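**Student:** Below is the sequence, then the predicted model.
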Amino acid sequence: MLRILILTLSLALAPLACLAERVEVRPGQGALARAVAEARPGDELVLADGAYAGPVEITKPLTLTGRLARIDGPGKGSVLTVTAPDVTISGVTIAGAGASLADLDSGIRLLKGADRAVIEGVTLDGNLIGIDVHGARDVTIRGNRIEGRNDLRVAERGPGIYVWNAPDLTVEDNTIAKGRDGVFITTSNDAIYRRNTFTDLRFAFHSMYANRIEVTDNISRGNDMGFAFMYSTRLLVARNLSEGDANHGYFMNFANKAELRRNEVRDGGEKCLFVYNSNHNRFEANRFEGCSIGVHFTAGSQGNALVGNAFVGNRTQVKYVGTRWLEWSEAGRGNYWSDHAAFDVNGDGLADSPYRPNDSIDRLVWSQPAARLLMGAPAMQLVRWSQSKFPGLLPGGVIDSHPLASPGDAGVPQGDPS
């Protein structure tokens, strides 16, 4: 019975496939809207060079392409809205979306039902939101250039790619600049974000309530913040580069059961890594370099493992204000600390003394900044000296019992993003 049903459906759909054709479309008043309305399911609309007017809604499976075609919206609403499955948009330039965040005005909106859409090689120029994936499943966004708007206040800007309830999404090889966030995800699981480049943004990558996502081989350069993970779990974050980001390279807030490996911060700003109330995460073989603070660890984060990382040339390597002892080594192997003055006499790759980055004077200064005025006082120097000679006096904190003697190959592998 099932075999008969499948055969019947195949025979019913075969005429539609045969009827699908390649349709040449030329510029003219209402030309694009008319071509979309008249197209059969499966048709390929090839736009000739020139300008076309939006907005347009695509309600049937179509391919829309045109290497030098430009689709301009009226400055209100979204330019292209897709509600049908199996739609491909490639090659065109799209501009002229509205400026309403409440309405999610976008260059392209993929709404519920726009499953398996492919957006590839498209230029999205000066729209409030570049692409909004809003309820569509199994979408691919590949090789696009998205440039948002910086003529608005930060709170009024939109992201390059906005994602809501879009499982099985793939976002790869895109270049995203200007606007608020490069990618902003809220309440959407099971996705891959890889090989994208982000510049001139607030956050390069920003996840909220996003579980089981992979963020790999991306570059954040010159943004306020690199990669921010909030209220998200079971993340794979690997081989990403944050270069010259002003505030944080990697930011984790209520992010749990994540694996961060072979990531890198170069020429960092305020903090290379910030971990706030995030638990059971693994940080391995990352390189954090050139920040005011290498890692700021706070708010009761528990069950985290840090091993094989390199903390290089940060003004303060670790800021931790808790009183629990945290061991940052595993199975006899810890991390590299560029300010750790220790020898490796036996040549086993491990420093011959533990590393303790903070003492009680550090915590006093962090909690009472005015105490900096007393840093030169003999009593303060005596307390610091005593704790360095007698670690048992320390009230708790971070200890790396088996620090590495060299940074090794921690960070983004050579030949990867740079």
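**Tutor:** Nice, thanks for sending it over. Numbers count the residues shown, from 1 in each chain.

**Student:** rest of the way, CA atoms for contacts and neighbours
**Tutor:** Will do.

**Student:** Now do the contacts for I108.
**Tutor:** S78, V79, L80, T81, V82, G130, I131, D132 (CA atoms under 8 Å, 6 or more residues apart in numbering).

**Student:** Please name the bridge partners of the fourth one.
**Tutor:** Put plainly, it is T81. Assessed by DSSP bridges, T81 has beta-bridge partners E57, R109.

**Student:** ok, it to M208 distance?
**Tutor:** Per CA to CA, to the nearest Å, T81 is found 25 Å from M208.

**Student:** So F198 versus D224, what's the distance?
**Tutor:** Using CA to CA, one gets 11 Å for the distance from F198 to D224.

**Student:** Looking at the two, which one has more neighbours?
**Tutor:** F198 (27 against 21; other CA atoms under 10 Å).

**Student:** and the more buried one, what helix or strand is that in?
**Tutor:** Using DSSP states H and E, F198 sits in strand 197-199.

**Student:** Paired strands for the helix or strand hosting I89, with orientation please.
**Tutor:** Following DSSP H and E, the helix or strand that holds I89 is strand 88-90. Using DSSP bridges, the strands paired with strand 88-90 are strand 63-65 (parallel), strand 118-120 (parallel).

**Student:** quick one: which of those strands is nearest G334?
**Tutor:** Comparing the strands paired with strand 88-90 against G334 with CA to CA, the closest turns out to be strand 118-120 (43.5 Å).

**Student:** Quick one: mean pLDDT over the closest one.
**Tutor:** On average, the pLDDT along strand 118-120 is 98.

**Student:** what's in contact with it?
**Tutor:** Applying CA under 8 Å, 6+ apart, the contact partners of strand 118-120 are D86, V87, T88, I89, S90, G91, V139, T140, I141, R142, G143, N144.

**Student:** ditto for stretch 136-146
**Tutor:** 110-125, 130, 160, 165-177.

**Student:** ranking the contacts of I108 by neighbours, who comes first?
**Tutor:** Greatest neighbour count in the contacts of I108, by other CA under 10 Å, goes to G130: 35 neighbours.

**Student:** List the contacts of it.
**Tutor:** Taking CA under 8 Å, 6+ apart, we find G130 in contact with S106, G107, I108, L124, I146, E147, G148, P159, G160, I161, Y162.

**Student:** Reformat those residues as TSV; add distance to T63.
**Tutor:** Converted to TSV, those look like this (distance: CA to CA, whole Å):
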residue	distance to T63
S106	19
G107	17
I108	14
L124	17
I146	20
E147	23
G148	25
P159	25
G160	23
I161	21
Y162	22
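
**Student:** how about the strands in the stretch 301-418 of the chain?
**Tutor:** Assigned by DSSP state E, counting those that start in this stretch, the stretch 301-418 of the chain shows strands spanning 305-307, 310-312, 316-320, 325-327, 336-337, 397-399.

**Student:** Quick check: the gap between R195 and V122.
**Tutor:** Taking CA to CA, one finds R195 at 16 Å from V122.

**Student:** and what of D400?
**Tutor:** For D400 relative to V122 (CA to CA), the value is 49 Å.

**Student:** sorry, back to before: among the contacts of strand 118-120, find me the one that's closest to G182.
**Tutor:** The closest of the contacts of strand 118-120 to G182 turns out to be N144 (CA to CA; 12.5 Å).

**Student:** Give me the distance between the closest one and R261.
**Tutor:** As judged by CA to CA, N144 and R261 stand 27 Å apart.

**Student:** ok, now A305?
**Tutor:** For A305, the distance to R261 - CA to CA - is 11 Å.

**Student:** quick one: which of those two has more around it?
**Tutor:** Neighbours were counted for A305 and for R261 using other CA under 10 Å; R261 has more, 24 against 18.

**Student:** who does the strand holding F198 touch, helix- and strand-wise?
**Tutor:** On a contact count with 3 or more CA pairs under 8 Å, 6 or more residues apart in numbering; DSSP states H and E, strand 197-199 meets strand 175-177, strand 219-221.

**Student:** mind listing what the last one pairs with, with the direction of each?
**Tutor:** Strands that pair with strand 219-221, judged by DSSP bridges, come out as strand 197-199 (parallel), strand 241-243 (parallel).

**Student:** Need the residues that contact the first one.
**Tutor:** Applying CA under 8 Å, 6+ apart, the contact partners of strand 197-199 are 173-178, 182, 204, 218-223.

**Student:** residue ranges of the helices in the stretch 151-300 of the chain, please?
**Tutor:** Under the criterion DSSP state H, counting those that start in this stretch, the stretch 151-300 of the chain carries no helices.

**Student:** Any stretches of it with poor pLDDT?
**Tutor:** By pLDDT under 70, the low-scoring segments of the stretch 151-300 of the chain are 299.

**Student:** How about S406: what's its closest non-neighbour residue?
**Tutor:** Among residues not flanking S406 along the chain, Y336 sits closest, at 5.9 Å (CA to CA, 6 or more residues apart in numbering).
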